[in-house]
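J.: Generate coordinates for the sequence data below:
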Amino acid sequence: MTLNNTGSFPLVSGHPSLDLVNTQLVRRGIRHDLLVRPDDLTAWLDVLNMKESLPSLKHEPSVITEEALNKVKHFRGVVRDMYERLADGQEVTRSWIRLMEECIANAPLSYHFIDGRLVPVPLGSDVDAVLSLVALDALQLLGAGELAYLHRCSNPECVLLYVDRSGRRKWCSMKICGNRIKVARNQAKKDHHQGM
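T.: Residues are numbered from 1 along each chain as shown. Predicted coordinates:
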């Protein structure tokens, strides 16, 4: 798991749709929402801009309202629900695809040449622009077959999802969850040997 400069947003994919889903995580056994205030959403968007996951929003000033935050969180829930179903081996639904298409239609895309590459630029309100780009990313992942490789972290306390084409990855990140399990396993062995 990679954390942003503020140490609060896990970025495990570089894909805005998956990174939005992963703004909910578990710390010390308690599920936390990292998008609590409008400023949190602004900070998350800033992190994605720094990582160039949403380059077309980089130059767009935005003021995020409570209403916009709630709309994004509702959308996150819809995407998370489908991504978890896909990670569990279920099929994508046509209604979910239609919803993603509707989000894109709410802020149709134009294309601009930014920093040496052609990038989609949504035309619409700030929140609709964000949802449009996240929905576009979700449909691009689906169209490329990447969502077939969507997995849950093997740490039963972790709720993060990731794409693994190799089939060998078990954790959202070895640095965080993989290391926690290894440390716990080694401690259990040590305790077992000391108890003999």
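J.: contacts and neighbour counts: CA atoms only from here.
T.: OK.
J.: ok now do L41, which residues does it touch?
T.: Counting by CA atoms under 8 Å, 6 or more residues apart in numbering, L41 makes contact with L35, I64, L69.
J.: The same query, at a cut-off of 6 Å, please.
T.: Residues in contact with L41 (CA atoms under 6 Å, 6 or more residues apart in numbering) are L35.
J.: Helix, strand, or coil at it?
T.: helix (DSSP: H, G, I helix; E, B strand; the rest coil).
J.: Name the residues of the helix or strand where L139 lies that are buried.
T.: In this assignment (DSSP states H and E), L139 forms part of helix 126-143. Neighbour counts over helix 126-143 (16 or more other CA atoms under 10 Å) mark 126-139, 141 as buried.
J.: Check those against E84 and report the nearest one.
T.: Proximity of the buried residues of helix 126-143 to E84 (CA to CA) peaks at A138, which lies at 13.3 Å.
J.: about what we covered before: next secondary structure element downstream of the helix holding L139?
T.: Next element after helix 126-143 (DSSP H and E): strand 150-152.
J.: Please enumerate residues in contact with the very next helix or strand once past that following strand?
T.: Per DSSP H and E, the first helix or strand lying C-terminal to strand 150-152 is strand 161-163. For strand 161-163, contacts defined as CA under 6 Å, 6+ apart pick out Y149, L150, H151, R152.
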